[in-house]
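**Q** Quick one, what's the 3D model for this:
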Amino acid sequence: MKGPGRSGIVHSASPLFAVGLALVVGGCSSFHRAWREAERHPAPENSIQGCWEGQWVSEVNGHHGQLRCLISLEADGDYSARFRATYLKVLRFSYTVRLQVEHGDGAWHFHGEEDLGKLAGGVYHYTGHATQTEFHSTYRSKYDHGKFEMRRLDGDPNPARP
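**A** Predicted coordinates for the structure are as follows:
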């Protein structure tokens with residue numbers, strides 16, 4: 001027997017589940033392989049490349065979750081930021097954002113955008129900065145906006161967690 005409001009919760013979670021499932025199936029294992037490989041190497045000096053870990057939070061609805069990012073330098077000078085995030089503690093999804101980066105004032109300033117599809121909110125725009133140890137970014141889409149806060153992992157395969 002259904003409780004009051006349960007069918008509405010299940011119905012509204014269905015599109016999110018579908019998006020999460022599609023993103024997970026498409027990039028989960030490759031992200032983990034790349035993450036494990038990058039963890040074995042020290043973070044490059046004078047670069048934002050490497051493993052980052054922290055959290056994301058929506059300023060619209062308060063949703064939040066764990067966040068990992070693997071940043072690599074592309075041949076054309078842009079950076080590729082591969083994000084892996086949790087939603088509602090159980091759903092995980094991955095996506096990649098191309099970042100244009102400029103170094104100045106002791107930090108790397110970046111911006112980029114990625115279309116995550118209609119069910120995930122469409123086009124997301126990212127703006128932020130990173131130092132050798134901290135990554136701060138805002139994100140904005142048609143229906144949501146918030147921030148990413150991460151710290152760089154130092155290449156130690158068993159890093160101390162904050």
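**Q** which residues does the residue nearest the centre of the chain bridge with?
**A** With distances taken as CA atoms, centre = their mean, residue 83 lies nearest the centre of the chain, 3.2 Å away. Beta-bridge pairing for residue 83 (DSSP bridges): residue 69, residue 95.
**Q** so who does it touch?
**A** Taking CB atoms under 8 Å, 6 or more residues apart in numbering, we find residue 83 in contact with 67, 68, 69, 94, 95, 96, 97. From N, CA and C alone the C-beta is placed, and that goes for glycine too.
**Q** Quick one: which of the residues you listed is the most crowded by neighbours?
**A** residue 69 (25 neighbours; other CB atoms under 10 Å).
**Q** Which SSE is immediately downstream of the lowest-mean-pLDDT helix or strand in the chain?
**A** Within the chain, no helix or strand scores below helix 6-39, which has a mean of 56 by mean pLDDT, DSSP states H and E. As assigned by DSSP states H and E, the chain's next helix or strand after helix 6-39 is strand 50-58.
**Q** Need the CA coordinates for that following strand. CSV is fine.
**A** Output of strand 50-58 as CSV, limited to C-alpha atoms (Å, rounded to 0.1, in the frame of the first residue of the first chain):
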residue,chain,number,x,y,z
GLY,A,50,45.6,16.3,-10.9
CYS,A,51,43.1,14.9,-8.5
TRP,A,52,40.7,17.1,-6.6
GLU,A,53,38.2,16.2,-4.0
GLY,A,54,35.4,18.0,-2.0
GLN,A,55,31.8,18.8,-2.4
TRP,A,56,29.2,20.6,-4.4
VAL,A,57,26.1,22.4,-3.1
SER,A,58,23.1,23.9,-4.8
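**Q** where are the low-confidence patches of the chain?
**A** Scanning the chain for pLDDT under 70 picks out the ranges 1-28, 155-162.
**Q** Just name the closest of the contacts of residue 83 to residue 35, please.
**A** residue 68 (6.7 Å; CB to CB).
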